[in-house]
Structure formats: C-alpha cells, structure tokens
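Q: Kindly return the folded structure for what I paste below:
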Amino acid sequence: MIIYDHFSLKNYNTFGIDATARYFVEVTTIEELQDILENNSYPRKILIGGGSNMLLTDYIDALFIHVNLKGKQIVSQDDNNVIVKVMAGENWHNMVMWAIDHDFGGLENMSLIPGNTGTAPIQNIGAYGAELKDCFVSCEAVRIEDQQLVTLSKEECQFGYRDSFFKNEGKDKYVITSVTFSFTKKNHNINSGYGAIENQLLKESISNPTIKDISNAVIAIRQSKLPDPKELGNSGSFFKNPIVTKEIFTRFSTTYPEAPFYKVSDDCFKIPAGWLIEQCGFKGKRFGDAGVHKNQALVLVNYDNATGKDILDLAAKIIEEVKRKFEIEISPEVNLIK
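A: Okay, here's the model as predicted:
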C-alpha cells in the first residue's frame, strides 16, 4: 500500500477536474482499508470510488482513499430469486451487465449509470422508474471511528429519493465495502412504464420486452442524451429533480400545463429539473470551459480546463434563475469536495 504525495485526481473524477490531493492511497482489501483509517497521521480522509458523483476544487489538503475492492459472489438462491454480494470497487454498469447476462432481474433500468457499486447506496441511485433500494438487501461497511466491519439492513439505510442514512446521520462515519442484492431469476418485474422507455421500445417494435431489452433501451436513451465522461467531463445528472407539494404543483401546472411531471403520491409531484433548466435558456450554453450539455440540461460539462469553481458558479447561476422564474428550488445531486 503506497501513499502518494501531491497526487493529481484528474483520472479519478468523471468531471476530469485537474484537482490535486495532498495525499492519495489505493486500497484493495478490507484489511488495508481498516489500517489506513486507523492511521492518525492523516487527520482528514476522503473516500472515493468511481469518482462519478463529486465535484472537486483545485487543491484539497486531505488523504484521498480510493476504495478498489473487487469481486462478486452468489450468496444463496432458490427457484425464483438469487442473493448476490458485490464488492464496493466493482463498476456499477459492468455489474448490471453481469446480472443481465445471468438473467438476474432488477437493475436493468439503471444501466449505464456511472460510478462504482459501493457509492450507489449513498444517494440511493435510480433511473427510469427504478431505484437501488428496490433490490437492496444489506451492505457491509467499515465504521470509521473504530474500524469495525458492520452490516446495515435496508431499514437502517433509511433510503429516500436520492437520499440515505449515509448522507445524513451516517455521513462521513462509514465506508461501504460491499452491497448485497436480491435479483429475480424468472417472472421478472418488467418496468417499462417510463415514457422514454416506452417510446424506445416502440421504435424498435418490441411489445413484450425482456430485461435485456429494457437495458438496451435505457442504454440507447442515455447515450443519445448524455455525454461519455471519457470524451466530455461530467458527472451525469448534476441536479436532483425537485419534488413539490400538491399546492405548489397545482400553481405550477396551471401556468405551465405543457410541463412534464411524475406523480409520486397524492400530495407529492416530481418535476424534471432538466425541463426547468431548459426553459431558462441554459441548454447548450457555454461559460468559458464550463457549460450545460446540448442534449440534456441536467448535465453540466467540463469542455476542457474548467475548474471546480467554474462548474460551481454555473450551478449557482442556474439554481438562482430557476428559482426566479418558477419559484421552485433545485439542488445539486453531486457532492462538493473542497
């Protein structure tokens, strides 16, 4: 285990921000992780996985710990379901493809989400009508204060919309080392009700989709809308879709009857942040090397040499304009590290 000094994080964040870490180390075993967490020579420690859901400022005086634990294991199965334990360092999309290749259903709507499996529970990732919590059984994590390996149940993780225990009471207190999922082996719950998926399946003349068809549809949709971080720095959706009360929604939909929405419950409605941003005229706009993607207004991009501050300033400008125009507050989905 080598600790590097003044280490560039450009290849460790999907935004491609050339930030510098004071120290950097990669861990490949739980024992290495426990050892480095116990080491008091580094007062500030920051954990990173796939680097997909964070925005870095230029110089960060901390030890960055890259959690690179690998492996997948079938824990148990019966005729209908299979329980699979996935280590934190496994790439999310590759893991979803592995599940589909084995005809394990449940994650297909979340194909092509960037990042690693270990960070997925933190914000209860989701897409196209599905969320991580739908298949989640439990996760193992090292508790930072005493380096003990503990198991947290679904209930203990307190999942909400892009939210969990790990963003609230558990923030900066645990490092997830593995996630255990329950997948279907047959009679899959085909979740094709999201408009974009329905349209894509229609385009391909598929009326009775398999989980592979759903995954392919989601991949096609995402690739048509979202830039590849290897070609254009980004962290996927930068903003969360706001969930508003019925009162606010009624007022909003009266003024903007053409606006898309998703009914969460009788009292809550989700409005696409991308639509709100697009109506404010930001889609495709560039501000120096920071910009809003031309195909998807939810995505902020680094055209070349944008700094974390450039991206943050643009985000603040967008939040302010959406609030001014719609009286709706949107908030970032990404974590700011400075």
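Q: Just want to check the distance between G89 and Y12.
A: 13 Å (C-beta to C-beta, to the nearest Å). (C-beta placed from N, C-alpha, C; glycine too.)
Q: swap that for N234, sorry
A: 15 Å.
Q: just S235 next, same as before
A: Per C-beta to C-beta, S235 is found 12 Å from Y12.
Q: So those two - more neighbours on which side?
A: Legend: neighbour count by other C-beta atoms under 10 Å for S235 and Y12, higher for S235 (27 against 21).
Q: I figured that one hits F15, correct?
A: Yes: S235 is within contact range of F15, at 5.4 Å (criterion: C-beta atoms under 8 Å).
Q: Could you tell me which residues touch both of the two?
A: Here S235 and F15 have 54-55, 229 as joint contacts, going by C-beta atoms under 8 Å, 6 or more residues apart in numbering.
Q: Inside strands: which ones of those residues?
A: Judged by DSSP state E, the subset of these located in strands is 54-55.
Q: any idea which of the shared contacts of S235 and F15 is closest to P114?
A: Within the shared contacts of S235 and F15, proximity to P114 (C-beta to C-beta) peaks at P229, which comes in at 6.1 Å.
Q: which ones are touching that closest one?
A: Applying C-beta under 8 Å, 6+ apart, we find P229 in contact with 14-16, 52, 114, 235.
Q: Model confidence for it, exactly?
A: You'll see P229 listed with a pLDDT of 90.
Q: for L152, same thing?
A: pLDDT, L152: 98.
Q: Am I right that it is in contact with F165?
A: Yes: if you go by C-beta under 8 Å, L152 and F165 touch, sitting 7.3 Å apart.
Q: and this structure, what are its domains?
A: For the chain, automatic domain parsing gives the domain ranges 3-67, 72-184, 233-337.
Q: Compile the ones you listed into JSON lines and extend it with columns for distance to R222.
A: Shown next, in JSON lines, are these (distance: least, C-beta to C-beta, whole Å):
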{"stretch": "domain 3-67", "distance to R222": "13"}
{"stretch": "domain 72-184", "distance to R222": "5"}
{"stretch": "domain 233-337", "distance to R222": "9"}
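Q: Would you mind saying which of those lies nearest K212?
A: Closest among the domains of the chain, using C-beta to C-beta: domain 72-184, at 5.6 Å.
Q: First-to-last residue distance for that closest one?
A: End-to-end span of domain 72-184 (C-alpha to C-alpha, to the nearest Å): 17 Å.
Q: and that domain, how far out from the chain's middle?
A: Remark: domain 72-184 is offset 12 Å from the chain centroid, using C-alpha atoms, centre = their mean, to the nearest Å.
Q: And stretch 206-221, by the same measure?
A: Using C-alpha atoms, centre = their mean, the offset of stretch 206-221 from its chain centre is 21 Å.
Q: Repeat that for stretch 22-29.
A: Worked out by C-alpha atoms, centre = their mean, stretch 22-29 lies 22 Å from the chain centre.
Q: Any buried residues in that stretch, and which?
A: 22-27 (16 or more other C-beta atoms under 10 Å).
Q: do the same with stretch 96-106
A: Buried, per 16+ other C-beta under 10 Å, within stretch 96-106: 96-100, 104-106.
Q: mind giving me a markdown table with those and columns for pLDDT and secondary structure?
A: Below are the buried residues of stretch 96-106 laid out as a markdown table (pLDDT from 0 to 100; DSSP: H, G, I helix; E, B strand; the rest coil):
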| residue | pLDDT | secondary structure |
| --- | --- | --- |
| V96 | 98 | helix |
| M97 | 98 | helix |
| W98 | 98 | helix |
| A99 | 98 | helix |
| I100 | 98 | helix |
| F104 | 98 | coil |
| G105 | 97 | strand |
| G106 | 97 | coil |
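Q: can I get the residues you listed in TSV with distance to E278?
A: Below are those laid out as TSV (distance: C-beta to C-beta, whole Å):
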residue	distance to E278
V96	28
M97	31
W98	35
A99	33
I100	32
F104	36
G105	33
G106	32
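Q: tell me which of those is nearest to V299?
A: V299 lies nearest to V96 out of those, by C-beta to C-beta, at 20.2 Å.
Q: Setting the sequence-adjacent residues aside, check what's closest to the closest one.
A: L107 (4.7 Å; C-beta to C-beta, 6 or more residues apart in numbering).
Q: What pLDDT is listed against the one you found?
A: pLDDT, L107: 97.
Q: What distance do you get for it to L9?
A: Remark: distance between L107 and L9 (C-beta to C-beta) = 28 Å.
Q: more neighbours, the two?
A: More crowded of L107 and L9, by other C-beta under 10 Å: L107, with 26 against 23.
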